[in-house]
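> Show me how the following folds:
(3 chains)
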Amino acid sequence: MPELPEVETVKRTLAEYLPGLKIKEVTVNQETVINIPDAETFKKELTGTTFTGIDRRGKYLIFSLSWGWKMVVHLRMTGRLVYGESSLPLAKHTHVIFHLSNGYELRFTDQRRFGRIWLVPEGELLRVSGLCTLGPEPLGDEFCREIFLEQLAKRKTRIKPLLLDQNFIAGIGNIYADEILFRSRIHPERTAESLSREEADRLFTEVRKTLEEGVAHRGTTFSDYVDGRGEKGSHQNYLNVYQQQGKKCPRCGAIIERIKVGSRSAYHCPGCQK
DNA sequence: ACAATATCCTGCGAGC
DNA sequence: TGCTCGCAGGATATTG
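Below you'll find the predicted structure:
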C-alpha cells in the first residue's frame, strides 16, 4: 500500500526522468480513474504539455506541467506509476498511458481501480478532494512537537484511527501506523487524550523516524507497491509487527497479535505495547 | 466530534 | 478441481 515513504520514492524516481519530457499522446483505457475533467478533455489538454516538476503532499503526487496545469495522482491501494520503454509488455489493469517525446511511456496501472487522477489549472488544487484539508506533513517543518502534543490531548478517539486520519496528520497508512505505535510502545486502542507526556513525545519522535526509515529503504513492498522504475522497496525486511502475527516480539518475546481497531487490522505486541 | 458501516474493486486463500 | 465466501485496505459518504 503506497503510504508516505512509498509515494516519496515514486516521486524521487520519476523526478529523475520526467522533467523536460513532453506528452505526445495520452491513452485512457479506464475512464473512471480520471476524476476531473472528463477523459476527452484530459487527453486533449495534456497533449503537447511538458513535465516541469513533481511534488508530494501526503500520499498525493502533484505533477507540474507547462501551460499552468497540475496533474494530481493518488495511488490508493494498488496503483502504480511506472516510467519505462514503450516496448515493454503491457501489464494487466493498465488504465492510462502517457506517451512521451523520447519514445518512453509513463503508465498508470491499478488492479483494484481505487486510484484517481485529477487535472486542474494551477491555483485550483483545492478542487482535488482531500488535498486542501490534509494535516501537517510529518517530515516537514510544519510538523511541530508542541502542537502535535496539544492536539493529541484534545482527542478522545483511539490513537490508531487518529494516525490514519489524513486530516490529523498526512501520509500514514496501516503499515506505518502499526510500526509507529510498536516503536512508541503504545497500544493501538489507547485514546489519544490518555497518552502521557512521555508517550506522546515518543510518538512524535517515532512518526518521523519510522517514516524516514521507510523512505531510506525505498518503501515497503508487500504485494503491489513498486517505485517509478518498477522496482520493489526493502522496508518489508525491517517490520516489527505488521503482518507478523504469531511471531515473537523482537523487543520482549511475547507473541504478536492481530486485532481489529476501527474495522482495520492492527498488529501489535500485547507484551510491551501498553 | 466521533463511531460504525457501506462503498468501491480484484485477487487470493480457506473451506467445502 | 472448482465453487463460494470473506478479507485486504484508502478515502468518502451516510447514519447514528
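
> What residues does the stretch 101-250 of chain A have near DNA strand C?
A:112, A:114, A:129-130, A:164, A:166, A:173-175 (CB under 7 Å from any atom of the strand). Heads up, the C-betas are built off the backbone N, CA and C, glycines and all.

> Of these, which pair is most distant in space?
A:Ser129 and A:Ile175 (23.3 Å; CB to CB).

> Between these two, which has more neighbouring residues?
Between A:Ser129 and A:Ile175, A:Ile175 has the larger neighbour count (other CB atoms under 10 Å), namely 25 against 13.

> wait, A:Thr50 sits on A:Phe63?
No - using CB atoms under 8 Å, A:Thr50 makes no contact with A:Phe63, being 10.8 Å away.

> Which of those two has more residues huddled nearby?
A:Phe63 (25 against 16).

> any idea which helix or strand carries the more buried one?
Secondary structure assignment for A:Phe63, by DSSP states H and E: strand A:60-65.

> Going by neighbour count, list what's buried in the helix or strand just after that strand.
Going down the chain from strand A:60-65, the next helix or strand is strand A:69-74, by DSSP H and E. Across strand A:69-74, burial judged by 16 or more other CB atoms under 10 Å covers A:69-74.

> Out of these, flag the one nearest to DNA strand B.
Proximity of the buried residues of strand A:69-74 to DNA strand B (CB to the nearest atom of the strand) peaks at A:His74, which lies at 12.1 Å.

> I'd say the closest one and A:Arg116 touch.
Yes - the criterion here is CB under 8 Å, and A:His74 meets it with A:Arg116 at 5.1 Å.

> did I read that right, A:Val207 in a strand?
No - with DSSP: H, G, I helix; E, B strand; the rest coil as the criterion, A:Val207 is helix rather than part of a strand.

> Now do the strands in the stretch 151-274 of chain A.
For the stretch 151-274 of chain A, applying DSSP state E, counting those that start in this stretch gives strands covering A:257-261, A:264-268.

> how about TSV for the ones you listed, with mean pLDDT, distance to A:Pro19 and mean neighbour count added?
Putting these into TSV (pLDDT from 0 to 100; distance: least, CB to CB, whole Å; neighbours: other CB atoms under 10 Å) gives the following:
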stretch	mean pLDDT	distance to A:Pro19	mean neighbour count
strand A:257-261	88	41	15
strand A:264-268	90	37	20
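
> A:Val7 is nearest to which of those?
For the strands of the stretch 151-274 of chain A, proximity to A:Val7 was assessed by CB to CB; strand A:264-268 is nearest, at 19.3 Å.

> In contact with the nearest residue to A:Gly115 once chain neighbours are set aside: list those residues for me.
Closest residue in space to A:Gly115, ignoring its immediate chain neighbours: A:Gly79 at 3.2 Å, by CB to CB, 6 or more residues apart in numbering. For A:Gly79, the contact set (CB atoms under 8 Å, 6 or more residues apart in numbering) comprises A:2, A:73, A:108-110, A:114-115.

> Can you mark which positions in the helix or strand hosting A:Leu119 are buried?
A:Leu119 belongs to strand A:116-121 when assigned by DSSP H and E. The neighbour-count check on strand A:116-121 (16+ other CB under 10 Å) flags A:116-120 as buried.

> Pretty sure A:Arg229 sits against A:Thr13.
Yes - checked against CB under 8 Å, the pair A:Arg229 and A:Thr13 is within contact range at 5.1 Å.

> joint contacts of the two?
A:Tyr83.

> who has more neighbours, these two?
More crowded of A:Arg229 and A:Thr13, by other CB under 10 Å: A:Thr13, with 21 against 14.

> Determine the three-state secondary structure at the more buried one.
Three-state assignment for A:Thr13 (three-state DSSP): helix.

> Can you tell me the closest non-neighbouring residue to it?
A:Gly228 is the one closest to A:Thr13 (CB to CB, 6+ apart), at 3.3 Å.

> Show the backbone phi and psi for the one you found.
Taking degrees, to the nearest 10, you get phi -70, psi -10 for the backbone angles of A:Gly228.

> ok, it - contacts?
By CB under 8 Å, 6+ apart, the neighbours of A:Gly228 are A:9-14, A:16-17, A:81-83.

> For my notes, please list those in CSV and give distance to A:Ser184 and pLDDT for each entry.
Supplementary listing: those in CSV, determined by distance: CB to CB, whole Å; pLDDT from 0 to 100:
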residue, distance to A:Ser184, pLDDT
A:Thr9, 24, 94
A:Val10, 27, 95
A:Lys11, 27, 95
A:Arg12, 27, 96
A:Thr13, 30, 95
A:Leu14, 32, 96
A:Glu16, 34, 97
A:Tyr17, 37, 97
A:Leu81, 32, 95
A:Val82, 34, 95
A:Tyr83, 36, 96
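
> Fine, thanks again, bye for now.
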